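Chemist: fold the following for me, if possible:
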Amino acid sequence: MDGHRLILPALADDGLTAWAEVLERGYEGLVAKDPASPYVGGRTLDWLKEKQLHYREGDHGWELKG
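Modeler: Below is the predicted model of the structure:
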């Protein structure tokens, strides 16, 4: 654990394969980004987050529904 971040192994470069890995590993979702895009605060089309449907925003971040 690095501060408030958990460093995880990288997913596959192919989006569909990466999404299958997200489902298999039980991750909340994934962030897809343009590798040439620097981080900027706020929402941007260069960084997209996709979450599994059975997660919700809870008191301590994203958690399983139910």
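
Chemist: find the centremost residue of this protein, please.
Modeler: When the chain is reduced to its mean C-alpha position, the nearest residue by CA atoms, centre = their mean turns out to be L30, at 2.5 Å.

Chemist: contacts only, for the nearest residue to it once chain neighbours are set aside.
Modeler: With sequence-adjacent residues excluded and distances taken as CB to CB, 6 or more residues apart in numbering, L30 is closest to V22, at 5.2 Å. All C-beta spots, glycine's among them, are computed from the backbone N, C-alpha and C. Neighbour list for V22: 11, 29-30, 52 [criterion: CB atoms under 8 Å, 6 or more residues apart in numbering].

Chemist: work out for me the element V22 sits within.
Modeler: Per DSSP states H and E, V22 falls inside helix 15-25.

Chemist: wait, the residue nearest to the centre of the chain sits on W47?
Modeler: No. L30 lies out of contact with W47 (CB atoms under 8 Å); the separation is 11.1 Å.

Chemist: re earlier: and the residue nearest to the centre of the chain, its phi and psi?
Modeler: phi -150, psi 160 (degrees, to the nearest 10).

Chemist: beta-bridge partners for it, please?
Modeler: Beta-bridge pairing for L30 (DSSP bridges): E50.

Chemist: pLDDT value on it, please?
Modeler: We have a pLDDT of 87 for L30.

Chemist: before we move on, the earlier item: and the gap between the residue nearest to L30 and G42?
Modeler: Counting by CB to CB, to the nearest Å, the separation of V22 from G42 is 24 Å.

Chemist: please apply the same query to R5.
Modeler: 19 Å.

Chemist: just put the contacts of V22 in TSV and tack on distance to S37.
Modeler: Shown next, in TSV, are the contacts of V22 (distance: CB to CB, whole Å):
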residue	distance to S37
L11	18
G29	19
L30	16
Q52	24
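
Chemist: where does pLDDT dip in this protein?
Modeler: Along the chain, segments meeting pLDDT under 70 span 1-3, 55-66.

Chemist: now do the same contact list for T44.
Modeler: T44 neighbours (CB under 8 Å, 6+ apart): S37.
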